[in-house]
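Asker: When you get a sec, could you give me coordinates for this:
(chains A, B, C and D)
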2 protein chains.
Amino acid sequence: MQIGALARQTGCPIQTIRFYEQEGLLPPPSRSAGNFRLYGDAHVERLLFIRRCRSLDMTLDEIRVLLRLKNVPTQDCSEVNRVLEAHIEQVAVRIQELSALEQQLRSLREMCSEGRSAEQCGILCELSQPVSAAELAVP
Amino acid sequence: MQIGALARQTGCPIQTIRFYEQEGLLPPPSRSAGNFRLYGDAHVERLLFIRRCRSLDMTLDEIRVLLRLKNVPTQDCSEVNRVLEAHIEQVAVRIQELSALEQQLRSLREMCSEGRSAEQCGILCELSQPVSAAELAVP
DNA sequence: TTAACACTCTATAGCTACTATAGAGTCAAG
DNA sequence: CTTGACTCTATAGTAGCTATAGAGTGTTAA
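Answerer: Got it, this is the predicted structure:
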């Protein structure tokens, strides 16, 4: 199967497949006489695994770890659990941060009603205030 | 005031100040005889404004719009309101997405208890399932 | 006077996870 | 034998910085 067929089967763009190969997530496939990449079912499976992980917003590094563990089927899988839990924690933290951010934005929005001049705009005025050290810590 | 002093006053790294100048967010300051950047109070104010916006996770493009509006003090500020509301909406959407993601991750976590072999790991098995079209839509 | 030191300058490369080109080559069908 | 669909490599771009190299500036102490 050529790269286009693999792309159709997995819903993954061709460029991205080549990118995953370059990054070592997909093993280099064999090549045709004309130097075209030739894939088999194992590649389909592995690429689907990667895409599933990406759809769960895992980083390529996290996926690399999972792929490594997957390739040693007899090994204890507790590291898989740890990777996943760390990832869940990251997502939870990000949700916390964004929720706090949304609160700040909504109270900022309260500062101004439509139709004022920019000079008197409560939002612009508030935005001109110094930032606290806590707020400066970029999420 | 040299760039180091501005950096200290605002808590913004020196490189970032130069980056903002390059991006047109900060106007190019005057220079000393030895070609050092020399800033005044207006620069401090403007940089604080930018950092406050960034701490609210606004993009540089959004900030550019706000700065433009801020510089025409007599103009109606309703566009400021619109920029802010669009930004709030984006944050709200992202929170929704991440919350759904967290749910998926937690139910994935349920699939495996510690101590199995990788082969039998419920998480790895589940991750090997094909991805639905809906899940493929990367947030 | 000169040496040390802190500060600044430009230019460039790196980060993540792709995406989008350019320009060339491959292969099957009409 | 040419058209068209497909593929190849290499390179640059995205956002918002961060980090480096190698050079110059400016003040102070020996």
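Asker: Spatially nearest residue to residue A:109, not counting backbone neighbours?
Answerer: Counting by CB to CB, 6 or more residues apart in numbering or on different chains, residue A:109 lies nearest to residue B:84, which is 5.5 Å off, once chain neighbours are set aside. C-beta here means a position set from N, CA and C on the backbone, and glycine is covered the same way.
Asker: relative to helix A:78-110, how tilted is the helix or strand encompassing that neighbour?
Answerer: Assigned by DSSP states H and E, residue B:84 belongs to helix B:78-110. Helix B:78-110 runs at 160 degrees relative to helix A:78-110, counting by axes from the mean of the first three to the mean of the last three CA atoms, to 10 degrees.
Asker: So for the closest residue to residue A:88 other than its chain neighbours, what's the pLDDT?
Answerer: Among residues not flanking residue A:88 along the chain, residue B:105 sits closest, at 4.7 Å (CB to CB, 6+ apart). Turning to residue B:105, the model gives it a pLDDT of 86.
Asker: what about residue B:105, distance to residue A:52?
Answerer: 12 Å (CB to CB, to the nearest Å).
Asker: ditto for residue A:3
Answerer: Distance from residue A:3 to residue A:52, by CB to CB: 20 Å.
Asker: likewise residue A:31?
Answerer: 27 Å.
Asker: Just say helix, strand or coil for the residue minimising distance to the centre of chain A.
Answerer: Geometric centre of chain A, nearest residue: residue A:57, 3.7 Å, by CA atoms, centre = their mean. Judged by DSSP: H, G, I helix; E, B strand; the rest coil, the three-state class of residue A:57 is coil.
Asker: Verify the contact between it and residue A:88 for me.
Answerer: No. The pair residue A:57 / residue A:88 is not scored as a contact, 10.6 Å apart, by CB atoms under 8 Å.
Asker: ok so, going back, and for the residue nearest to residue A:88, the neighbour number?
Answerer: 21 (other CB atoms under 10 Å in any protein chain shown).
Asker: Isn't it up against residue A:84?
Answerer: Yes. Look at residue B:105 against residue A:84 with CB under 8 Å: they come within range, at 6.8 Å.
Asker: and chain A, which residues reach DNA strand D?
Answerer: Proximity of chain A to DNA strand D (CB under 7 Å from any atom of the strand) is limited to residues A:2-5, A:7, A:14-15, A:18, A:31, A:35-37, A:138.
Asker: So which of those are in strands?
Answerer: With DSSP state E as the criterion, strands contain A:31, A:37 from among the residues of chain A next to DNA strand D.
Asker: Nearest to residue A:125 among the residues of chain A next to DNA strand D?
Answerer: residue A:138 (23.0 Å; CB to CB).
Asker: Distance-wise, check whatever residue of chain A ends up closest to DNA strand D relative to residue A:15.
Answerer: Proximity of chain A to DNA strand D (CB to the nearest atom of the strand) peaks at residue A:4, 2.5 Å away. Here residue A:4 is placed at a distance of 12 Å from residue A:15 (CB to CB).
Asker: In what element of secondary structure is residue A:46 found?
Answerer: helix A:41-55.
Asker: Please name every helix or strand in contact with that helix.
Answerer: Counting contacts by 3 or more CB pairs under 8 Å, 6 or more residues apart in numbering or on different chains; DSSP states H and E, helix A:41-55 is packed against helix A:3-10, helix A:14-22, helix A:60-70, helix B:122-127, helix B:133-136.
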